[in-house]
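**Q** Below is the sequence, then the predicted model.
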Amino acid sequence: QVQLVESGGGLVQAGGSLRLSCTASGSMFRVTTMAWYRQVPGKQREFVAAITSGLHANYADTGKGRFTISRDNAKNTVYLQMNSLKSEDTAVYYCNALVDTTTLRWNVEVWGQGTLVTVSS
């Protein structure tokens, strides 16, 4: 079984910064793409950013210029640095990863439990 554990959420004032972290662990031998999504109650989960194992990143328009995704392949960890936060960034942020498992299942999608980010205006 593969698990994603997120950390770093919390309360911040508008204009402030937060850094989210997510580490993958368990029965896997490779993590390919890692990503962040977010969800506001009553709305669909939306894509924030993703990064491949080759460190190619892409972003949703809402975070471009303010959010930076990075990863440490040796630690199976992905980060999301969020700057210039706005009240509309308030959401539960979920980590997502595609992993190849030791039971030879390929590109298995795994989700974290989510971490709440609250931006006060």
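**A** Great, that's in hand.

**Q** most centrally placed residue in this structure?
**A** Nearest to the geometric centre of the chain sits residue 36, at 2.8 Å (C-alpha atoms, centre = their mean).

**Q** thought it was touching residue 95?
**A** Yes - using C-beta atoms under 8 Å, residue 36 is in contact with residue 95, at 6.2 Å. All C-beta spots, glycine's among them, are computed from the backbone N, C-alpha and C.

**Q** shared neighbours of those two, anything?
**A** Contact criterion C-beta atoms under 8 Å, 6 or more residues apart in numbering; residues shared by residue 36 and residue 95: 20, 22, 78.

**Q** Please name the residues that touch the first one.
**A** Pointing back at residue 20 there. Counting by C-beta under 8 Å, 6+ apart, residue 20 touches 6-9, 36, 79-80, 82, 93, 95, 115, 117.

**Q** 10 Å - rerun?
**A** Residues in contact with residue 20 (C-beta atoms under 10 Å, 6 or more residues apart in numbering) are 6-10, 36, 48, 67, 69, 78-82, 93-95, 112, 115, 117.

**Q** swap in residue 102?
**A** Residue 102 makes contact with 2, 26-30, according to C-beta under 10 Å, 6+ apart.

**Q** With respect to residue 15, which of the residues you listed is nearest?
**A** For those, the closest approach to residue 15 (C-beta to C-beta) belongs to residue 2, at 36.3 Å.
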